[in-house]
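J.: what's the 3D shape of this:
(one chain, ligands or ions: 2)
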Amino acid sequence: MPTLLLHGDLGRPAALSVADLRGWPVHRAEVTFDCATNGPQHHVFEGALLRDVVARAHPDLEDRRRKDRSRFVLAVSGGDGHHSLLSWAELDPDFCGSPVLLATRLDGEDLDEAGCQLVVPTDRCGARYVSAVTHIWFGALEVPVLAGVS
Ligand SMILES: Nc1nc2c(c(=O)[nH]1)N[C@H]1C(S)=C(S)[C@@H](COP(=O)(O)O)O[C@H]1N2
Ligand SMILES: [Mo]
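T.: Numbering: from 1, shown residues only. Ligands and ions are numbered 1, 2, ... in the order given. Below you'll find the model as predicted:
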């Protein structure tokens with residue numbers, strides 16, 4: 001069964017199957033997104049809120065001011081090498097509070113065989129609806145300190 005690896009600046013990184021993702025409250029999203037090649041797509045997704053899944057992995061966000069939380073990002077990878085980025089602020093209720101899902105069901109069919117799918121209901125286009133998610137990296141933007149550059 002496919003699993004996704006949730007890793008990065010987390011106290012408790014996790015390998016999660018689609019069945020594991022059913023351990024969070026289920027949210028539903030009925031969405032229409034545009035695909036550059038196939039036109040408008042209409043789907044019903046059910047699954048866990050990505051922010052709930054990340055919260056249980058002990059992200060390095062505790063006691064951080066909003067301003068300090070605003071530099072965290074999530075990189076979501078599909079098994080075929082398709083990658084998309086989200087900012088933590090998109091998910092954080094103090095900012096956009098977008099109900100981004102890790103879907104366990106698509107149009108009434110379980111995704112256990114295929115792997116979970118990222119659902120960004122606020123997106124107009126389908127590019128970030130990453131299917132067969134294998135990795136999610138969570139972490140903060142760091143500015144490199146380069147010797148000799150000021
Ligand atoms: N893993 C993976 N997910 C992906 C893509 C991809 O190439 N690989 N394409 C994206 C794009 S561009 C669109 S429009 C939607 C299409 O979703 P659909 O096939 O369910 O209509 O999937 C998205 N998710
Ligand atoms: Mo697309």
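
J.: ok and the residue in the protein nearest ligand 2?
T.: Cys35 (3.4 Å; C-beta to the ion). The C-beta positions use only the backbone N, C-alpha and C, and glycine is treated the same way.

J.: so what strands line up beside the helix or strand hosting Phe138?
T.: Following DSSP states H and E, the helix or strand that holds Phe138 is strand 133-140. Strand 133-140 sits in its sheet next to strand 3-8 (parallel), strand 72-78 (antiparallel), going by DSSP bridges.

J.: sorry, back to before: the residue of the chain closest to ligand 2 against Cys125, yeah?
T.: Yes: here Cys35 reaches Cys125: they are 7.3 Å apart, a contact under C-beta atoms under 8 Å.

J.: residues of stretch 94-101 that come out buried?
T.: Residues of stretch 94-101 classed as buried by neighbour count (16 or more other C-beta atoms under 10 Å): 98-101.

J.: go on, stretch 105-115?
T.: Neighbour-count burial for stretch 105-115, with 16+ other C-beta under 10 Å as criterion, is recorded at 105-106, 111-112, 115.

J.: got those as CSV, with pLDDT, distance to ligand 2 and secondary structure columns?
T.: Formatted as CSV, the buried residues of stretch 105-115 follow (pLDDT from 0 to 100; distance: C-beta to the ion, whole Å; DSSP: H, G, I helix; E, B strand; the rest coil):
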residue, pLDDT, distance to ligand 2, secondary structure
Arg105, 98, 21, strand
Leu106, 98, 16, strand
Leu111, 98, 19, coil
Asp112, 98, 24, coil
Gly115, 98, 18, coil
